[in-house]
Every structure is written in C-alpha cells, then in structure tokens.
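Build me a model from this:
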Amino acid sequence: MKILCMFFFVVTSVSGLALSDRELDSIGRRVWQNECAGTRDGLTSWNAGENFASLGIGHFIWYPQGVHGPFEESFPKLVRFLAARGAPVPAWLEGACPWTSRAEFQAAFQGEKMRALRALLAGSVAVQAQFLAQRMEAALPKMRAAAPVADRANVQAQFQRLAASGEGTFALVDYVNFKGEGTKASERYRGEGWGLLQVLAGMRGSGAGAAREFGESAAAVLTRRVRNAPPERNEERWLAGWKSRVGAYGE
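Residues are numbered from 1 along each chain as shown. Just a heads-up that it's a prediction; the model follows:
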C-alpha cells in the first residue's frame with residue numbers, strides 16, 4: 001500500500017509534525033491494517049500466549065490489575081489522550097483493566113463494554129494516529145540519550161533522513177508503535193534491543209532510499225530478536241509477518 005500524501009516538518013524543530021486530519025486518518029488506517037488486518041473485531045484483541053489485552057489501531061497494551069511485564073503499557077495513556085481531545089470515553093476505561101485473563105476477555109468479547117469500546121476505537125482513528133505521531137516525535141530525544149555517544153549523530157541523521165519523506169515518516173510512526181523506542185532496559189533479549197533506536201543505528205546510507213534501508217535494517221533487528229528470544233515464547237511463528245510488514249515500508 002502506498003501513502004498518497006506528504007508530511008511536512010517545521011524547520012525550527014527536529015520533528016515538528018504538521019499533519020492534517022486527512023493525513024492522520026491515512027496513517028491510522030494503514031496502522032490499523034498492519035495491526036488488526038483492518039477489522040473492527042481486531043481493535044479488541046488478546047493474543048494467545050500473552051498476558052495483556054491489545055487494543056485500538058496500534059494494539060496498545062493494557063495489563064490486568066496487578067500484572068506487570070517487560071513491554072510498555074500504552075493503552076491507559078491513549079485513553080487519557082482521547083479524553084483530553086473530547087472523545088466520549090466511558091468512565092470504566094479510566095480505571096483498571098476489567099479482564100484478568102485471556103479466557104475472561106474472550107468470554108466478554110460480544111458484551112456491552114467490548115462493543116462500546118470497539119465503537120469508540122473505530123470512530124477515533126485520526127486521534128489515535130495523532131497519539132502515535134506524538135510518540136514518534138518524543139522518541140528522538142529518548143534515543144539520543146540512550147544511544148552510545150559514538151552513535152548519536154548517526155541516529156539523529158537517519159531519523160531526519162526518514163522524516164523527509166512520506167514513506168519514511170510512516171515507517172517511523174509505525175515502527176515505534178510496533179516495537180517501541182528501544183530505550184528500555186526491560187525490552188531486551190540477551191542484552192540486545194529491537195526498537196527504533198536499534199533499527200536506526202543499523203542504517204548507514206544517505207539521501208534517497210531511506211525507507212527501503214530502514215525496512216532492511218528492521219528485518220535484521222527482528223531476526224536477531226527472534227534468535228535471542230526465550231524458547232518458550234516461540235517468536236519464530238511471528239517473524240515472517242514481521243518481515244513482511246517492515247519490508248513494505250520502502251514500497
């Protein structure tokens with residue numbers, strides 16, 4: 001799928017996005033396709049083998065009360081973002097996750113709360129995309145701080161190289177939601193991360209072709225993640241889909 005719109009950055013900041021509602025909706029619908037196959041039911045998921053719900057176009061993580069994991073919990077932040085922008089957020093979403101297990105989640109899938117949640121998420125695609133874009137903007141200073149000193153200039157240069165085109169901007173927005181910034185110590189296998197920082201650090205080119213090179217670097221980083229993953233996670237089952245997703249960035 002090609003992005004049909006361009007994205008513009010203000011000169012006075014590293015990544016000051018100025019996206020129209022149409023552009024945000026375009027980004028959001030492509031992320032929705034990547035994460036949920038574009039289906040309404042896919043907006044409320046709980047994958048087998050995981051201990052959290054995956055909600056919204058970006059499959060934002062929501063842990064059950066008292067459950068903690070290595071991945072960043074992003075759904076409560078999205079709920080606050082939606083509410084601040086006037087979305088009709090029901091009060092129960094501002095509390096603890098109401099499901100304690102995947103089985104409980106599946107049993108409630110056609111219940112009133114879940115249907116109302118899907119309606120909210122399907123009706124707020126552009127706002128969720130804005131949330132994703134802001135996360136991408138905030139990623140650069142975090143990555144610069146976390147990167148080895150020798151890598152910082154290249155990480156920033158590759159980020160800005162990608163941000164200069166529509167396809168590169170989408171790659172940044174999609175990947176940071178997909179696999180994170182790569183700055184958290186908890187998001188490591190055998191000491192090696194798989195986030196945006198690691199992908200940018202693996203790039204060395206300049207000029208055109210940034211999105212294609214980004215996809216190639218991402219595929220290498222994700223392959224390394226699977227190789228390093230604990231055997232019980234069986235991440236090999238996801239690798240082909242992951243590589244297909246990042247391979248499309250340069251199309």
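
going forward, measure contacts between C-alpha atoms and count neighbours the same way
Will do.

Where does the prediction get shaky in this protein?
1-18 (pLDDT under 70).

Tell me where the longest helix sits in it.
Secondary structure of the chain read by DSSP state H shows that its longest helix is helix 125-146.

the inter-axis angle of the helix or strand immediately after that helix in the chain versus helix 125-146?
Once helix 125-146 ends, the next helix or strand along the chain (criterion: DSSP states H and E) is helix 152-163. Orientation of helix 152-163 against helix 125-146 (axes from the mean of the first three to the mean of the last three C-alpha atoms, to 10 degrees) gives an angle of 160 degrees.

mind checking how far the helix or strand that comes right after helix 152-163 is from the chain centre?
Moving toward the C-terminus from helix 152-163, the next helix or strand (DSSP H and E) is helix 166-179. With C-alpha atoms, centre = their mean, to the nearest Å as the basis, helix 166-179 stands 8 Å off its chain's centre.

ok, and the closest non-adjacent residue to L140?
Q156 (7.2 Å; C-alpha to C-alpha, 6 or more residues apart in numbering).

neighbours of that neighbour, just the number please.
Using other C-alpha atoms under 10 Å, Q156 has 19 neighbouring residues.

Could you tell me which residues make contact with the closest residue to L222 other than its chain neighbours?
Nearest residue to L222 in three dimensions, chain neighbours excluded: W194, at 6.2 Å (C-alpha to C-alpha, 6+ apart). W194 makes contact with K179, G180, G182, E187, R188, V221, L222, R225 under the criterion C-alpha atoms under 8 Å, 6 or more residues apart in numbering.

now W194, what's its secondary structure?
Following DSSP: H, G, I helix; E, B strand; the rest coil, W194 is assigned to coil.
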